[in-house]
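A.B. asks: sequence first, then the predicted structure:
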Amino acid sequence: MWLIYALLFHLLLLGAIYVIYFQNTVLEGLQPQPPIHVQPPADRLVFIVTDGLRAESFFSKNCNYVPHLREIFLKQGVVGVLRIGEPTESRPGHIALTAGLYAPVLHERLGIFNNFDTVFNHSARFYAWGVDYILQIFQQHNKHNAAMYFDAYEPAIGDDTPTTIFDSWVFGRVQKFLQLKQLKLRKLKRLVFFLHLMSLDEAGHVYEPNSKKFLLNLQLTEKGIWNIYQQFEAAFPDKRTAYVMCSDHGMKDSGSHGDGTAHELEVPFMLWGAGIAHGVAANKSFVADNAGTEWPQPELQQLQLTPLMSALLGLPTPVNNLGMLPHGYLNTSEQFEALAAQGNAMQLLAQYEKLLAQQQRGALAAYMPQFKWLTQANVEQFKQRQAALSYEQSAALMQLTQNGINYYQIYYNKPLLLGTTLAFLGWLHYVHGLLLVKPASCKLVTLRNAIIMLATVLAISFAIAQQLPLSVAFYALLLPLLLWLLASQQQALATSFNVNMLLQLLLTVCCLELLVLSFYKRRALPICFLIFTITSNCLNILGNLCHIAALTWLLILFALSMWPVPAEFDFEQAQHYVYLFGIATLLLRAYGRRFFYTWHQHLCNTLMLLIAASCALLQQLDWQIPLLCKLVSWLYLAYSLLNILFNKTTLEQLSYNLLVLYALLCSSHELIFIHLLNCELRLTLKAKRTQNALSLALALLLYSYFSFLALTDLSTEARNVAPHLMHFYLCDNGAYNRLLAVFKILLPLLLNACTLYAHSPYQLHARHVFLWLLLMCDIMALNFLYLIRNTGSWLQVGISVTQFVMAELTTVILLALYHIAKLLLPAAKVKPETYLELPTGSATNVAPTCSMSTEV
């Protein structure tokens, strides 16, 4: 029954992560503010997004790569740096620029974020040119039925074409459009023209931002913008056209983006034309030309462009906008700027008011924490004084409102985290109870049940009275109570503690915390491994093994402490030699133990290792690996699996096959590491005569994580799934490569599981081992629960969630590997004298006389 409880609890935990970190906080049902009732400074807006252009490329060499744009900003308008929010991707960037909000990361990553408003929705007419997947953002979210016209790239434009053709296509289509429609459009107001220029993003990916080809592309793009500007001015000679140019994200030197480096977060912006002030005071400046002209370089936040574009046309700010109108950028009267700021402030206040109403709908709202700096009475006062607010007063109100919105958006996060933590503790108490042998007192159980049932009734009453959202009521109140009710039915905690048990528990907790730290600081991993190995095994090794074996163990331990390999140590030049050395050590071990293998196993494995060495030499010469070698590798994979499954395999034979398979999946130092780790584990198990369930579970967990984390970087694996699978690489298929990568990761874990299964008493009390394993993995998961990120790049957010899920799945994976080891080594027996019965009453008591089944 506990397996069903475990499955349900861990599934509910995934729901808790969503409720705490990834709920969509964008409000629905908001009404737009009225348009500004005085004439706006511009009748039309040309919004140009140069996809992937970073600020460094724009301002480098005294702006010599953008001479035409430099001519514009030296005469009119404003130029500066726009600070982008993460993730630095195209779709979130365009939503932030036009809607004034950062999209919820999970909904946006899954492509299900739909409830947002944009500047374009409020225009009289909207025309857009660009790549299809960007234009679809606005085509699918026309909330106010605005007249929108889209012209996307033709299907004939593909990835193999020159990068400059993308912008040339847009410029050509806009030019033809203006020639056909200019007379009809001259009389219309509140027009928006959107040009998405993708050439620079493509050029950055292909050539890198510092290359000559990229800079040439930049020059062609900026000249094209200059020409389009001239054509708009000719088509609309009334001088009432405003221009906004910026980028959705920057780019690294490598040509990639998506993270949070300075080159990705800083992009240029240019504002000029009708309604734009010339020159804005700034703390920074840059050299604008070869004559040494110093020019101010103001900074704006990405979200601030949204209310600024709305103000230029006198449009209502998008209803979900969180940006604040910047001061001094409008070339208008103080009255108009104040009116624009008032509309912006009221739009933010409308969001705050709705959040406040949601929190105050309960009967106990008066007793709940509130954002005391902006109460409902304050909101009403500001609404009554709206017409009298100056820009400065509106700006202060906007700042206050932004803080209030953030306060109520995360209002329930801390109670949810606390409730989930209490649920975790209740679950840990329940699992720990399964390991104990001392029965609970019936009176004690009855008292516990009464207390928890009373607390449950009070929690339900509070949730109903306060009208809490169902998800909040369940995860913050009901789930922890249900878990503690379940735990109260289990056995009571043992009252007898001894020093050895306390020291073992202290060692376990220390190792678990270091394991969690290892996900962020990899150098903590060998420290964790050394602490466990030395404290658990040092006396056994030195006392039970001969001097040569003990010295060998110490040397192996020293070598393993070098992993993970520091980033500053470059294996690029020497990786083939390191790989060949790993093959040589494996061949040397095989020769020394040749009597353990069958003749065909020895022949096949030796042949495959020689083929692997030959392929490494071919790669060093930049030659392609022959197809025949790859086919032989696949045939060997089939042979080794059949040999393992259908023959009476010993651990030595199984280890040899698995290590050879792993050698075919490596290209550098990984083989040496796994080989040394396996040798160290076997020496340790040979010397350690007595083991209990807790130490076995901790060993299985540590060796598994050490073999995984020492060789795997989640960030690089997410970008490049299978970089070294040369012997099995037949086609460029993502699913195929991922399957091979997972196989490569699982092989060392299977090797560890088989070694532990064959050398330890872990078959005799497998249930207890995996209960301890479940307990430890959940302790790690509790740590990761507080380390999950919902901001930053998609990669960072994904890794933080992956770490939590990994901790949750570790028990299942190791349980599956245990059963595979049991299948592969059916003849492995444990001698009765190697098993030590612990004192009765200990938290680690797993005596074989217990009636519990040894199966998991």
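C.D. replies: Noted; the coordinates are in hand.

A.B. asks: test my guess that Gln231 contacts Phe177.
C.D. replies: No. Contact between Gln231 and Phe177 fails when scored by CB atoms under 8 Å: they sit 9.9 Å apart. (C-beta placed from N, C-alpha, C; glycine too.)

A.B. asks: just the pLDDT for the nearest residue to Gln620 once chain neighbours are set aside.
C.D. replies: Leaving aside its sequence neighbours, Gln620 sits nearest to His576 (CB to CB, 6 or more residues apart in numbering; 4.5 Å). The model reports His576 with a pLDDT of 72.

A.B. asks: burial of His576, as a residue count?
C.D. replies: Using other CB atoms under 10 Å, His576 has 20 neighbouring residues.

A.B. asks: downstream of the helix or strand of the chain with the lowest mean pLDDT, the next helix or strand is which one?
C.D. replies: Among the helical and strand segments of the chain, the one scoring lowest on mean pLDDT, DSSP states H and E is helix 714-719, with a mean of 53. Where DSSP states H and E defines the elements, the next helix or strand beyond helix 714-719 is helix 734-759.

A.B. asks: report the buried residues of the helix or strand hosting Leu588.
C.D. replies: Taking DSSP H and E as the definition, Leu588 sits inside helix 575-592. Buried residues in helix 575-592, counting neighbours by 16 or more other CB atoms under 10 Å, are found at Gln575, His576, Val578, Tyr579, Leu580, Gly582, Ile583, Leu586, Leu587, Arg589, Ala590.

A.B. asks: distance from the chain centre to stretch 774-789, please.
C.D. replies: Distance, stretch centre to chain centre, for stretch 774-789: 16 Å (CA atoms, centre = their mean, to the nearest Å).

A.B. asks: hmm, back to that, packing partners of the helix holding Leu588?
C.D. replies: Identification of packing neighbours for helix 575-592 by 3 or more CB pairs under 8 Å, 6 or more residues apart in numbering; DSSP states H and E yields helix 599-620, helix 651-664, helix 670-687.

A.B. asks: just the C-alpha atoms of the longest one, please, in PDB.
C.D. replies: This points to helix 599-620. The C-alpha trace of helix 599-620 is given here as PDB (Å, rounded to 0.1, in the frame of the first residue of the first chain):
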ATOM      1  CA  TRP A 599      37.100 -17.500 -25.000                       C
ATOM      2  CA  HIS A 600      34.500 -15.800 -27.200                       C
ATOM      3  CA  GLN A 601      33.800 -13.100 -24.700                       C
ATOM      4  CA  HIS A 602      37.500 -12.300 -24.300                       C
ATOM      5  CA  LEU A 603      38.000 -12.300 -28.100                       C
ATOM      6  CA  CYS A 604      34.900 -10.100 -28.900                       C
ATOM      7  CA  ASN A 605      35.600  -7.600 -26.100                       C
ATOM      8  CA  THR A 606      39.300  -7.300 -27.000                       C
ATOM      9  CA  LEU A 607      38.400  -6.800 -30.700                       C
ATOM     10  CA  MET A 608      35.900  -4.100 -29.900                       C
ATOM     11  CA  LEU A 609      38.400  -2.200 -27.700                       C
ATOM     12  CA  LEU A 610      40.900  -2.300 -30.500                       C
ATOM     13  CA  ILE A 611      38.300  -1.000 -32.900                       C
ATOM     14  CA  ALA A 612      37.400   1.800 -30.500                       C
ATOM     15  CA  ALA A 613      41.100   2.700 -30.200                       C
ATOM     16  CA  SER A 614      41.400   2.800 -34.000                       C
ATOM     17  CA  CYS A 615      38.300   5.000 -34.300                       C
ATOM     18  CA  ALA A 616      39.800   7.400 -31.800                       C
ATOM     19  CA  LEU A 617      43.000   7.700 -33.900                       C
ATOM     20  CA  LEU A 618      40.900   8.300 -37.000                       C
ATOM     21  CA  GLN A 619      39.000  11.100 -35.200                       C
ATOM     22  CA  GLN A 620      42.300  12.600 -34.200                       C
END
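
A.B. asks: got the angle for that helix vs helix 575-592?
C.D. replies: Here helix 599-620 points in a direction 170 degrees away from that of helix 575-592 (axes from the mean of the first three to the mean of the last three CA atoms, to 10 degrees).

A.B. asks: contacts for helix 599-620?
C.D. replies: Contacts of helix 599-620 from elsewhere in the structure, counted by CB atoms under 8 Å, 6 or more residues apart in numbering, are 576, 579-580, 583, 586-587, 590, 594, 597, 624-626, 629, 632-633, 636, 639-640, 643, 653, 656-657, 660, 663-664, 667, 726-727.

A.B. asks: go on, stretch 508-524?
C.D. replies: Applying CB under 8 Å, 6+ apart, the contact partners of stretch 508-524 are 525, 527-528, 531-532, 564, 566, 694, 698, 701-702, 705, 709-710, 714, 776, 779-780, 783-784, 787, 803.

A.B. asks: following element in sequence after the helix or strand containing Pro92, please.
C.D. replies: Secondary structure assignment for Pro92, by DSSP H and E: helix 90-99. Remark: after helix 90-99, the chain's next helix or strand is helix 105-109, criterion DSSP H and E.

A.B. asks: list the contacts of that next one.
C.D. replies: Residues outside helix 105-109 that contact it (CB under 8 Å, 6+ apart) are 18, 22, 24, 87, 91-92, 95, 113, 790-791, 794, 797-798.

A.B. asks: go again with 6 Å.
C.D. replies: Contact with helix 105-109 is made by Phe22, Asn24, Pro92, Phe113, Asn790, Trp794, Val797, as judged by CB atoms under 6 Å, 6 or more residues apart in numbering.

A.B. asks: I'd like the buried residues of helix 575-592 laid out as TSV, including distance to Phe171.
C.D. replies: Shown next, in TSV, are the buried residues of helix 575-592 (distance: CB to CB, whole Å):
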residue	distance to Phe171
Gln575	47
His576	49
Val578	52
Tyr579	51
Leu580	55
Gly582	56
Ile583	57
Leu586	61
Leu587	64
Arg589	66
Ala590	66
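
A.B. asks: dump stretch 581-589 to CSV, restricted to CA.
C.D. replies: This file holds the C-alpha atoms of stretch 581-589, laid out as CSV (Å, rounded to 0.1, in the frame of the first residue of the first chain):
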residue,chain,number,x,y,z
PHE,A,581,44.9,5.2,-21.9
GLY,A,582,41.4,4.2,-20.6
ILE,A,583,41.2,1.5,-23.1
ALA,A,584,44.7,0.3,-22.3
THR,A,585,43.8,0.0,-18.5
LEU,A,586,40.7,-1.9,-19.4
LEU,A,587,42.7,-4.3,-21.6
LEU,A,588,45.3,-4.7,-18.8
ARG,A,589,42.5,-5.6,-16.3
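
A.B. asks: just to revisit the earlier point, contacts for the helix holding Pro92, please.
C.D. replies: Outside of helix 90-99, the residues within contact range by CB under 6 Å, 6+ apart are 85, 102-103, 108, 116, 118-119, 137, 248-249, 302, 305, 318.

A.B. asks: with respect to pLDDT, which of the residues you listed ranks lowest?
C.D. replies: Across the set of the contacts of helix 90-99, Glu108 stands lowest in pLDDT, at 81.

A.B. asks: report how many residues lie close to that residue.
C.D. replies: Glu108 has 18 neighbours, counted by other CB under 10 Å.

A.B. asks: now do the one 5 residues further on
C.D. replies: The local packing count at Phe113 equals 20, with neighbours defined by other CB under 10 Å.

A.B. asks: got a pLDDT number for it?
C.D. replies: At Phe113, pLDDT is 79.

A.B. asks: helix, strand or coil for it?
C.D. replies: Using DSSP: H, G, I helix; E, B strand; the rest coil, the structure places Phe113 in coil.

A.B. asks: repeat for the one 3 residues further on
C.D. replies: Under three-state DSSP, the three-state class of Phe116 is coil.
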